[in-house]
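Trainee: Build me a model from this:
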Amino acid sequence: MGRRIESLMNNVRQIHRFVRVSGVRPVRFAGSTILNFVSSLLEGISIGLIIPLLDIIMRRGETPLLAQISPLNAMIGLLPERRLKYVFFTVLGCLFGAIAIKHFFIYYSDLLVSKISRAAEQSLRVKIFNGYLGYSKIAFDRARIGHLTDLATSQVIYACDVFRYGHNFLLYGFMLTVHLMIMCVISWKLTLVSFLFIPFIYLALRMIAQKIKFSTQFKFKADQELNAYLHDSLSNMALIHSYTNEAAESRRYESMSEKSRQSLHSIWKKILFAPHIQEVILAFTISVLISVCVFIFLRGSAALGFSSFLTFFVFLRRFSTSVTACGTCVAEISKSFEPMGRILQMLENQEAYSIKNGATPFSGLESDIEFRNVSFAYEETRILDSVSVTFEKNKMTAILGPTGSGKTTLIHLIPRFYDPTGGTIRLNGRPLQEYDLRSLRRKIALVSQDTQIFNTSIRENIVYGLETHVSQEALDNVVKKSYLYDFIMSLPARYETLVGESGVRLSGGEKQRLAIARALLKNPDVFVFDEATSSLDMETELSIQRSVDELTKGKTVIVIAHRLSTIRNADTLVVLEKGKVTEQGKFSDLVRKEGRFRHYWSFQNID
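Mentor: Next comes the predicted model:
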């Protein structure tokens, strides 16, 4: 029993945390709760009026119960004549009015909760997206995009179902209370007999709810895998086509989809089973009660009239309907706990996924960028090992080395996409972690070989993230420097041309030139180029290089390049191998020295 109570309290606490995180104030449920309560009273009144109505019909005259219902008796007293038909239609009108008002209140209550649920969904989606915006790069490296997308969309909807079904549970709970009270007034003995079977219903519901909760965990895991796989497949459709692997991918998707179908079917088997097992138990209860009533009437010892007995069974039937509805609500709420848990884990543990922000605004680079014994490990793999290097202010530093030597990881530490696991990075003499992330990143422009493009227009992609208005003249100028102007002018919509998902309508070279134009327009203190011209032909690359050299004069430039011809004019060269700095110095010194740079230079056969 103690374990069951603890489980129940954990569920209540989880719902309370979810309500708080969703931004819904509990006071907003006051209106719907009051309407539910009033609707339950009207439910009792409407069914209770069946007794005097039947008495009028069966006795063809006055009913003693009317005298006990003061408001109704007062209304009848206003009639010009206390004739049977007038009394009958007055009672019938009250019954109809109670039913109509009850359903109006229920509708308006449902409307209020629906509005709260939609507001909670909106709030959670925004909070989750804002949480993603604050994630470190390592968090995205570990996660699957399909999982993250699923959490912010379908799982939010499933989790917010707890508001709707919680509201319905409260409504039917009020109705159960009203039914029970009136049944006790009619006959507490019959009510007591009815309740002998309630424990069986409770045990059945509890067992089904636990099984639904377990099945839901499997269902959401299957759905996450399915969505992630779909995202991966759509993103790599060209690869699938080029290797003619459509049949194998189709079989794999079908298998994963089948797991999702089976888990959903398992959930619905339990949900659909719940009301029927309740109905069977309640039908048995009603059969026992009918037998008791028949026995009482045959003995002629009935203390209640036939209309009261009939109304009691109407209440019992409504009571059983409410119990079934409550059971359905419990089953549906059980489905919400898994997505609620995932959302709470994400929103309540932001620090585990995010880079801690600093408090000092970064106004600009005033001195060198210093790496002091910096190390970085990804899980169990050490990528950088005690790297000490200085990127001089207003100078160009080139980083080279074989694939997997840690070059990209090194430059990603500067805008704090990652934080080092050892050592320190200093800007203007301060530790990098002390600076405000937003102001720091606004002073750094990164252009990588993996160009990131939004599915918007060329103009919006180039001016992305800029807080000030960019004139057409300035835009044309930077596009010309990036050798993209002639291409844009050849398009029918020019700057307003949509580039497609991930820039699919642009070539690799065009995307890189667009990214270079975006970085130049940002005009930061630090430029970082990671194989930024790898998709360009040599002639275009050299032309852009000359433009970039001109536009970045007086700026701090960090370049990663495999084509050593593009870094010949660098002020400092840094050679990385297996996460360690093996050489660094000026070009003229390293090319004469018997070392790794000399080997790379000779290998590319550059004069």
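
Trainee: Which secondary structure elements does the helix or strand harbouring Thr285 sit against?
Mentor: Taking DSSP states H and E as the definition, Thr285 sits inside helix 246-299. Judged by 3 or more CB pairs under 8 Å, 6 or more residues apart in numbering; DSSP states H and E, the packing partners of helix 246-299 are helix 188-194, helix 198-235, helix 306-348. Placement of C-beta: from N, CA and C, glycine included.

Trainee: Could you export those helices as a markdown table, including mean neighbour count and distance to Phe284?
Mentor: Below are these laid out as a markdown table (neighbours: other CB atoms under 10 Å; distance: least, CB to CB, whole Å):
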| stretch | mean neighbour count | distance to Phe284 |
| --- | --- | --- |
| helix 188-194 | 16 | 11 |
| helix 198-235 | 17 | 9 |
| helix 306-348 | 20 | 11 |
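
Trainee: Including mean pLDDT, could these go into TSV?
Mentor: Below are those laid out as TSV (pLDDT from 0 to 100):
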stretch	mean pLDDT
helix 188-194	77
helix 198-235	75
helix 306-348	81
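
Trainee: closest one to Ile106 among these?
Mentor: Taking CB to CB, helix 306-348 is the member of the helices and strands packed on helix 246-299 nearest to Ile106, at 12.1 Å.

Trainee: Could you check how far the residue nearest the centre of the chain is from Arg563?
Mentor: In the chain, the residue lying closest to the centroid (CA atoms, centre = their mean) is Ala152, at 2.1 Å. To Arg563, Ala152 is 40 Å away according to CB to CB, to the nearest Å.

Trainee: before we move on, back to that, return the distance of the residue nearest to the centre of the chain relative to Phe454.
Mentor: On the measure of CB to CB, Ala152 and Phe454 end up 18 Å apart.

Trainee: who are the neighbours in contact with Phe587?
Mentor: Phe587 makes contact with 567-570, 573, according to CB atoms under 8 Å, 6 or more residues apart in numbering.

Trainee: what about burial for the residues you listed, which qualify?
Mentor: 567, 570, 573 (16 or more other CB atoms under 10 Å).

Trainee: Which strands or helices does the helix or strand harbouring the last one pack on?
Mentor: Spelled out, that is Leu573. Per DSSP H and E: Leu573 is located in strand 572-577. With contacts taken as 3+ CB pairs under 8 Å, 6+ apart, strand 572-577 sits against strand 381-391, strand 396-400, strand 580-585, helix 587-592, helix 596-603.

Trainee: can you do 10 Å?
Mentor: strand 381-391, strand 396-400, helix 407-412, strand 556-560, strand 580-585, helix 587-592, helix 596-603 (3 or more CB pairs under 10 Å, 6 or more residues apart in numbering; DSSP states H and E).

Trainee: How far does it sit from its chain's centre?
Mentor: Here strand 572-577 shows a centroid-to-chain-centroid distance of 43 Å under the convention CA atoms, centre = their mean, to the nearest Å.

Trainee: for Glu6, what are its contacts?
Mentor: Glu6 makes contact with no residue, according to CB atoms under 10 Å, 6 or more residues apart in numbering.

Trainee: The one 10 residues further on now?
Mentor: Listed by CB under 10 Å, 6+ apart, the contact partners of His16 are Pro26.

Trainee: I'd like to check the angle between the host helix or strand of it and helix 306-348, please.
Mentor: Per DSSP H and E, His16 falls inside helix 2-21. Helix 2-21 and helix 306-348 meet at an angle of 70 degrees, taking axes from the mean of the first three to the mean of the last three CA atoms, to 10 degrees as the criterion.

Trainee: Which of the residues in helix 2-21 are classified as buried?
Mentor: 11, 14-15, 17-19, 21.

Trainee: Please verify my assumption that Ile34 contacts Phe105.
Mentor: Yes: counting by CB atoms under 10 Å, Ile34 does reach Phe105; the two are 9.1 Å apart.

Trainee: Compare those two and say which is more crowded by neighbours.
Mentor: Phe105 (21 against 12; other CB atoms under 10 Å).

Trainee: wait, that one sits on Thr33?
Mentor: No: applying CB under 10 Å, one finds Phe105 not in contact with Thr33, separated by 11.6 Å.

Trainee: and Phe295, what pLDDT?
Mentor: Turning to Phe295, the model gives it a pLDDT of 72.

Trainee: quick one: which of the helices and strands packed on helix 246-299 is nearest Thr90?
Mentor: Comparing the helices and strands packed on helix 246-299 by CB to CB, helix 306-348 comes nearest, at 17.3 Å.

Trainee: after the closest one, next one along is what?
Mentor: Next along from helix 306-348, by DSSP H and E: helix 350-353.

Trainee: Buried residues in that following helix, which are they?
Mentor: So helix 350-353, judged by 16+ other CB under 10 Å, has buried residues Tyr353.

Trainee: centre of the chain versus that helix, how much separation?
Mentor: 16 Å.

Trainee: tell me the domain boundaries of the protein?
Mentor: 25-353, 355-443+528-545+554-607, 444-523 (automatic domain parsing).

Trainee: Can I get those in TSV including distance to Ser7?
Mentor: Output for the domains of the chain, formatted as TSV (distance: least, CB to CB, whole Å):
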stretch	distance to Ser7
domain 25-353	9
domain 355-443+528-545+554-607	35
domain 444-523	46
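
Trainee: mean pLDDT lowest for which of the ones you listed?
Mentor: Across the domains of the chain, domain 25-353 gives the lowest mean pLDDT, at a mean of 78.

Trainee: What does Ile453 show for phi and psi?
Mentor: Backbone torsions of Ile453, given as degrees, to the nearest 10, read phi -130, psi 140.
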